[in-house]
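Asks: 3D model of this:
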Amino acid sequence: MSARNKPLICAVLTSAWTQLILGLVLLLEENSTQNSATMLDSWVSPAGAISSAVCDAIITISIFIYLRPLRNSPLRKANYLRQFNFVFMQMGVITFTTNLTVLILLLVSCSESLLCA
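Replies: Numbers count the residues shown, from 1 in each chain. Have a look, this model is predicted:
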């Protein structure tokens, strides 16, 4: 782990721990109320969706930046690292989009008191 990677790792770990803590808070709230609708009415669900989207965005962008081919390197045919980078970027964009969709649905359901999902 280099000094260049430390802020990135700290951001990912902070986001992951935030997701874990928010999940535990939501679980405790639901357990105390004995009502599963607490998941949609609580402020914790949108906060968890934001934290998850941020974590996915950080990881996806960092993989794109660190694994992209160097601009001054000679042209090569597609190799495993490029294929891995492409697949990982697709997965990251899909999970980021899914988290944003969940966030939007949670915000709409909280503001209109409707179950949108």
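Asks: Helix or strand, whichever it is, which one in this protein has the lowest mean pLDDT?
Replies: Of all helical and strand segments in the chain, the minimum by mean pLDDT, DSSP states H and E falls on helix 38-41, at a mean of 72.
Asks: For the top helix by length along the chain, what does the pLDDT average out to?
Replies: Longest helix of the chain, by residue count under DSSP state H: helix 80-112. Helix 80-112 shows a mean pLDDT of 78 in the predicted model.
Asks: Enumerate every residue touching residue 96.
Replies: Residues near residue 96 by Cβ atoms under 8 Å, 6 or more residues apart in numbering: 53, 56-57, 60. From N, CA and C alone the C-beta is placed, and that goes for glycine too.
Asks: Against residue 25, how distant is it?
Replies: 23 Å (Cβ to Cβ, to the nearest Å).
Asks: Over to residue 50?
Replies: Applying Cβ to Cβ, the value for residue 50 to residue 25 is 14 Å.
Asks: still on that earlier bit, just how off-centre is the longest helix of the chain within its chain?
Replies: 7 Å (Cα atoms, centre = their mean, to the nearest Å).
Asks: one step back: got the buried residues for the least confident helix or strand of the chain?
Replies: 38, 40 (16 or more other Cβ atoms under 10 Å).
Asks: From the chain's centroid, how far away is it?
Replies: That offset, for helix 38-41, works out to 20 Å (Cα atoms, centre = their mean).
Asks: and the next element down the chain from that helix?
Replies: Of the helices and strands lying after helix 38-41 in sequence (DSSP states H and E), the nearest is helix 44-67.
Asks: Now do that next one against helix 80-112, angle only.
Replies: Here helix 44-67 runs at an angle of 160 degrees relative to helix 80-112 (axes from the mean of the first three to the mean of the last three Cα atoms, to 10 degrees).
Asks: same for helix 44-67, what does it pack against?
Replies: helix 6-33, helix 80-112 (3 or more Cβ pairs under 8 Å, 6 or more residues apart in numbering; DSSP states H and E).
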